[in-house]
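> fold the following.
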Amino acid sequence: MSSKRHSILPAVSAGPKPPVQFSSSITIADSALLTGTNLITISSESVIHPRAKLDSLAGRITIGRRCVVHERTMLGVLGTSGKVTEQAVTLGDYVTVEVAASIEAGNTIIGEGSTVGVGSKIGAGAVIGKHCTLTPHTEIPAGEIIPDFTVIYSNGMKRIDKRGVADLKNKGQARQIDVLKRMIPSTPAKFT
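Modelled structure (predicted):
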């Protein structure tokens, strides 16, 4: 019997199998869902949790180094227009996308070291600066540009984070990834 956790939820049906480009050091749960027709690139030491959905139907998805994409997260969601045009989603290095967050396709960019909180929604074409924090259930409208080091609360309030803890957050993320590598069953070859 394996000591690793497994989902009790039923399997989710998949769409077309996308082309992928994975670093050899990623951790991707066997129950992650990758669909679409455009390239999905995941860089070194990134972790994709079970039940995370990466949909490249609208455009490529690029995930930087040491990112963590939590369960039930959806990357590459079609925007409200539902148009299928070449629209990318890019996560910089050290980005964390927490549980049930949704990031729409539309050349949407999440800057290095940023955290997308639980249940947050980011509209198509939004650009989140470096080291930003979106608290749980924050909604970023399509096309909005958020400056570096901004903290956005779910009620729309904003402030600039002047704590200077970016390096500490990156070190903490690296330690978390080391733990997750041991906890999450990973077979990247399944997706190629």
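
> what are the ranges of the helices in the chain?
All helices of the chain, identified by DSSP state H, fall at 166-183.

> so where's it uncertain?
Applying pLDDT under 70 to the chain flags residues 1-14, 80-86.

> if you set the cut-off to 50 instead, what comes out?
84 (pLDDT under 50).

> not counting its neighbours along the chain, what's nearest G79?
In space, and not counting its chain neighbours, G79 is closest to A124: 3.8 Å by C-beta to C-beta, 6 or more residues apart in numbering. From N, CA and C alone the C-beta is placed, and that goes for glycine too.

> for the one you found, grab the count of nearby residues.
Neighbourhood size, A124 [other C-beta atoms under 10 Å]: 22.

> for it, which residues are in contact?
By C-beta atoms under 8 Å, 6 or more residues apart in numbering, the contact set of A124 is G79, S81, Q87, E104, A105, G106, N107, T108, A142, G143.

> and if you look at V151?
Taking C-beta under 8 Å, 6+ apart, we find V151 in contact with C132, T133, T135, K158, R159, I160, D161.

> next one: D30 from S56, what distance?
Distance, D30 to S56, by C-beta to C-beta, to the nearest Å: 19 Å.
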